[in-house]
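Asks: no sequence on hand, only this structure:
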């Protein structure tokens, strides 16, 4: 339904100058959704997708990912150029635009930030195209603070409408647990986010569940004897403030953008300093959590301590950036 709806919006607003902002925003959301699909499945119906009503094409062909990615980047470039702050009526004071409330400047920053994300994913398959669009995104203007984050607020209803999809999954099945890999990494780096992300287990400790075990082998891993078994309560789950029906859902954060800029600097595609972008990213990643709830605030001195204990080392730069990117995309796994 997402694809069908956006295909309809794109068709109905095409070549209508007064609706340029609506068309541009629809292109951005089309790319956001399609990038998730192709990243998960590879080749997907793309160019003919959602157009059955207009073209009588009810069996869209699967397009190669190698053709999808350049088109997504081109669509973002077109959208960024088409946004026009002089046009009135877009967003209707936030009633229509649930992400940015009609703020065209933020839409343009999101467009270039999404372009930066997708371009960076091409580094090992088409380095030239990756560099081209990374530099286009940076010169166009990406997110500059947590005030630019692309996210959507949710509510608990009415009647199941407007709920956070992640919250619906967590509330339907209470068995989700944090990975031991994730928890151990955060413990090793004394990351203050761990106490914000995780609940404590039945012993009052934060403990991750090891991946790849079943109900029998997990008992062996934990060293339990015959007749003994592990329960889910042995392991930590996610802070319920992050997985409510009414929790916000994040599409892209400023912190993620800073880590992408740090990587671009490491590659020589960005004149900025990789260490500065890294530190900006870490700080933003810890500060934005108050959007979930004010009780999740991490104090500035805690962030300072963390950065002092986990400094950016250029020789290990790509690994450090990748690890921080991994943490900041928690619950934004696409």
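Replies: Right, received. Where do you want to start? Since the model is a prediction, treat every value here as computed from it, not as a measurement.

Asks: buried residues, the host helix or strand of residue 284. List them.
Replies: Taking DSSP states H and E as the definition, residue 284 sits inside helix 274-287. Buried residues in helix 274-287, counted by 16 or more other C-beta atoms under 10 Å: 274-275, 277-287. C-beta here means a position set from N, CA and C on the backbone, and glycine is covered the same way.

Asks: low-confidence regions, the stretch 1-150 of the chain specifically.
Replies: 91-95 (pLDDT under 70).

Asks: now the helices for it?
Replies: 2-13, 20-41, 52-55, 65-82, 104-120, 127-140 (DSSP state H, counting those that start in this stretch).

Asks: surely residue 13 touches residue 22?
Replies: Yes. Between residue 13 and residue 22 a contact is recorded at 5.0 Å, counting by C-beta atoms under 8 Å.

Asks: need the residues touching each of those two.
Replies: Overlap of the contact sets of residue 13 and residue 22 (by C-beta atoms under 8 Å, 6 or more residues apart in numbering) is empty.

Asks: counting contacts, what elements does the helix holding residue 284 pack onto?
Replies: helix 254-266, helix 300-309, helix 317-328 (3 or more C-beta pairs under 8 Å, 6 or more residues apart in numbering; DSSP states H and E).

Asks: tell me the most buried of those?
Replies: Of those, the one with the most neighbours on average (mean count of other C-beta atoms under 10 Å) is helix 254-266, at a mean of 25.

Asks: contacts for it, please.
Replies: Residues contacting helix 254-266 (C-beta under 8 Å, 6+ apart): 113, 116-117, 120, 134, 138, 142-146, 148-149, 270-275, 277-278, 280-282, 284-285, 288, 314, 317-318, 321, 324-325, 328-329, 332.

Asks: chain neighbours aside, what residue packs nearest to residue 181?
Replies: When the adjacent residues along the chain are set aside, residue 181 lies closest to residue 211, with 6.5 Å between them (C-beta to C-beta, 6 or more residues apart in numbering).

Asks: wouldn't that neighbour be in contact with residue 178 here?
Replies: No. Using C-beta under 8 Å, residue 211 is not in contact with residue 178, being 10.7 Å away.

Asks: of the two, who's got more company?
Replies: Comparing residue 211 with residue 178 by other C-beta atoms under 10 Å, the one with more neighbours is residue 178, at 22 against 9.

Asks: next one: that one from residue 79, what distance?
Replies: 37 Å (C-beta to C-beta, to the nearest Å).

Asks: on that earlier part again, adding mean pLDDT and distance to residue 44, write the helices and strands packed on helix 274-287 out as TSV.
Replies: Output for the helices and strands packed on helix 274-287, formatted as TSV (pLDDT from 0 to 100; distance: least, C-beta to C-beta, whole Å):
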stretch	mean pLDDT	distance to residue 44
helix 254-266	98	23
helix 300-309	98	40
helix 317-328	98	24
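
Asks: closest to residue 217 out of those helices?
Replies: helix 317-328 (25.8 Å; C-beta to C-beta).

Asks: so that closest one versus helix 104-120, what angle?
Replies: Relative orientation of helix 317-328 versus helix 104-120 (axes from the mean of the first three to the mean of the last three C-alpha atoms, to 10 degrees): 130 degrees.

Asks: tell me which strands and helices helix 317-328 is in contact with?
Replies: Counting by 3+ C-beta pairs under 8 Å, 6+ apart, helix 317-328 packs on helix 180-188, helix 254-266, helix 274-287.

Asks: the most far-flung residue of the chain relative to its centre in helix, strand or coil?
Replies: Distance from the C-alpha centroid of the chain peaks at residue 226, with 43.4 Å (C-alpha atoms, centre = their mean). Secondary structure, DSSP: H, G, I helix; E, B strand; the rest coil: residue 226 is coil.

Asks: relative to residue 75, which of the helices and strands packed on helix 317-328 is closest?
Replies: It's helix 254-266; of the helices and strands packed on helix 317-328, that one is closest to residue 75 (C-beta to C-beta) at 19.0 Å.

Asks: right, I'll leave it there.
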